[in-house]
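Chemist: With the sequence up front, the predicted model follows.
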Amino acid sequence: MNTVVFDLDDTLLHDDRTISNFSADVLRKIHHSGFRIIAASGRAQMSMKPYIDQLSCVSSYIACNGAEIWDSTHHLLFRDMIPVDIARQIAEFAEKHQCYAHVYEDDCFFYNRNSEHAVRYASSSRLKGTYVGSLSQYIREPRNKIILIDNESAIAALYSEAIRLFAGKASVTCSKPIYLEFNPVNSSKGNALLFLSSKLGFKCKDVIAFGDSLNDLSMLQTAGLSVMVSNGWPEIRKYCDAVCESNNDDGPARYLLQHFLSGEMII
């Protein structure tokens with residue numbers, strides 16, 4: 001193994017959306033031992049940036065579930081977009097079901113319904129939200145990601161319908177049970193990892209990947225060694241080679257420490 005790739009929310013981040021000093025120290029240590037470090041998230045680039053800067057050892061990072069790839073200096077390496085007509089169809093799908101939805105632009109997100117979802121998302125993402133009313137009318141250019149937010153049962157029903165309606169038009173996934181996420185049809189964390197392996201010259205069989213949810217599945221299946229945090233979705237477990245401790249217990253860092261740093265303690 002020579003490359004580590006990890007999800008952020010519910011994997012590396014604690015539930016309070018912080019990276020512990022312990023996890024940051026382990027990642028820096030393993031980077032200095034020769035490993036390449038890659039972050040991969042459903043978050044928008046500007047929502048990932050503070051974490052990338054904090055770690056200071058990430059060589060590349062995957063944003064918006066693979067729709068964008070950035071290097072350590074925040075230079076864009078790759079971007080794919082949902083065409084305008086498909087993006088509008090997705091927004092209309094949200095409107096039909098009276099569901100909260102938003103799109104991204106730089107350090108802002110633009111949403112269709114005033115609700116607690118917007119307030120909570122602004123807090124968790126560190127992005128600024130702006131109400132725009134009808135999202136289908138607001139969209140006038142391609143988009144890297146559209147997210148719908150509702151309760152778990154509603155999202156489960158919408159997921160099944162969205163998979164059917166947008167087959168061949170958009171990639172549909174979930175990073176949390178209350179999120180339904182749409183990306184360009186060929187965008188996934190797994191495809192982004194393949195892009196980076198070709199560009200940077202490493203082999204996916206030499207990658208260890210950490211994740212917890214459905215949007216991590218393609219990445220976990222692409223990596224040579226896949227590890228799920230113990231708080232991950234049960235449906236993901238059968239696709240993983242191992243399970244580590246939970247995100248709140250610094251599972252990925254403890255796994256790396258035990259298996260790749262000879263159990264060396266880090267203060």
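Modeler: Received the coordinates, thanks. Residues are numbered from 1 along each chain as shown.

Chemist: Could you use CA atoms for every contact and neighbour count after this?
Modeler: Will do.

Chemist: For the stretch 1-150 of the chain, just list every one of the helices.
Modeler: For the stretch 1-150 of the chain, applying DSSP state H, counting those that start in this stretch gives helices covering 21-32, 45-55, 84-96, 116-125, 135-138.

Chemist: and of those, who's closest to Glu68?
Modeler: helix 45-55 (7.8 Å; C-alpha to C-alpha).

Chemist: so where do the strands sit in the protein?
Modeler: Remark: strands assigned in the chain by DSSP state E are 3-6, 36-40, 60-63, 68-71, 76-79, 100-105, 108-111, 128-131, 146-149, 170-173, 179-184, 207-211, 225-229, 242-244.

Chemist: which stretch among those strands comes nearest Arg254?
Modeler: When these are compared by C-alpha to C-alpha, strand 242-244 sits nearest Arg254, at 7.9 Å.

Chemist: partner residues bridging the residue nearest to Ser115 when sequence neighbours are not counted?
Modeler: Leaving aside its chain neighbours, Ser115 sits nearest to Tyr100 (7.8 Å; criterion: C-alpha to C-alpha, 6 or more residues apart in numbering). Using DSSP bridges, the beta-bridge partners of Tyr100 come out as Ile149.

Chemist: surely Tyr100 meets Asn151?
Modeler: No: at 10.6 Å, Tyr100 does not count as touching Asn151 under the criterion of C-alpha atoms under 8 Å.

Chemist: Pick out whichever of the two has more residues nearby.
Modeler: Under the criterion of other C-alpha atoms under 10 Å, the comparison of Tyr100 against Asn151 puts Tyr100 first, with 21 against 11.

Chemist: Stretch 37-52: which residues count as buried?
Modeler: Along stretch 37-52, these residues count as buried under the neighbour rule (16 or more other C-alpha atoms under 10 Å): 37-49, 51-52.

Chemist: and which of those is nearest Ala157?
Modeler: Nearest to Ala157 among these, counting by C-alpha to C-alpha, is Gly42 at 20.8 Å.

Chemist: Pull the contacting residues for that closest one.
Modeler: Residues near Gly42 by C-alpha atoms under 8 Å, 6 or more residues apart in numbering: 63-66, 175, 215.

Chemist: can we see that at 7 Å?
Modeler: Counting by C-alpha atoms under 7 Å, 6 or more residues apart in numbering, Gly42 touches 63-65, 175.
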